[in-house]
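Novice: how would this look folded up:
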Amino acid sequence: MKQEIFNQRLGGTGEEGQKRYEAMSPVEKERFDKKTGINKYAAPETGEGFAMSTGGAPVPGMETKTWNFHWAGVVTTSGPDRVTLDNYSVDDTSEKNADWNLQMFGPANKPGQTFYEQVKRLGNLGQDPTALRVEKGRLLSEEGDS
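Specialist: This is a model prediction of the structure:
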């Protein structure tokens, strides 16, 4: 899904768009993120979800614990805040984790409160993950197109 955004907006196929994104300055990335509604600007509505995919090098010390993605369904909103329901894998892949979590995330103008910032801090999605807004498996940009 993230390749679709990068390639549609920046041109290219495969990982070309993402490489163009990675070459941007922090200011350019911030502008792109805001325009496309990714990372800390991802803001799904009730019934939609956050999806975050791994990116960049593994976080030191997390090389064997890096996930390929994490997602959370938005169960309600309160103004700009989103409450999600999610679960995490456990070290033993044959074990079922029944510990579901409800968590509230804030909007981009509240530093450190977004889904992107909080999940990125866990360290298990690499140093440069990407957070997106999704609806029933379909990617949504800020403009609502796929």
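
Novice: mean confidence for the longest helix belonging to the chain?
Specialist: Scanning the chain for the helix with the most residues, using DSSP state H, yields helix 26-36. Confidence over helix 26-36, taken as the mean pLDDT, stands at 96.

Novice: determine the set of other helices and strands touching that helix.
Specialist: Helix 26-36 makes packing contacts with helix 2-10 when contacts are defined by 3 or more Cβ pairs under 8 Å, 6 or more residues apart in numbering; DSSP states H and E. (C-beta placed from N, C-alpha, C; glycine too.)

Novice: buried stuff in the helix it packs on?
Specialist: Within helix 2-10, the residues that count as buried by 16 or more other Cβ atoms under 10 Å are 2, 3, 5, 6, 7, 10.

Novice: the third one touches residue 131, doesn't it?
Specialist: In other words, residue 5. No - applying Cβ atoms under 8 Å, one finds residue 5 not in contact with residue 131, separated by 11.2 Å.

Novice: okay, and the common contacts of these two?
Specialist: residue 38 (Cβ atoms under 8 Å, 6 or more residues apart in numbering).

Novice: low-confidence ranges in this protein?
Specialist: 137-146 (pLDDT under 70).

Novice: ok, longest strand in it?
Specialist: Ranked by number of residues, the top strand in the chain under DSSP state E is strand 69-78.

Novice: since that was my last question, I'll sign off now.
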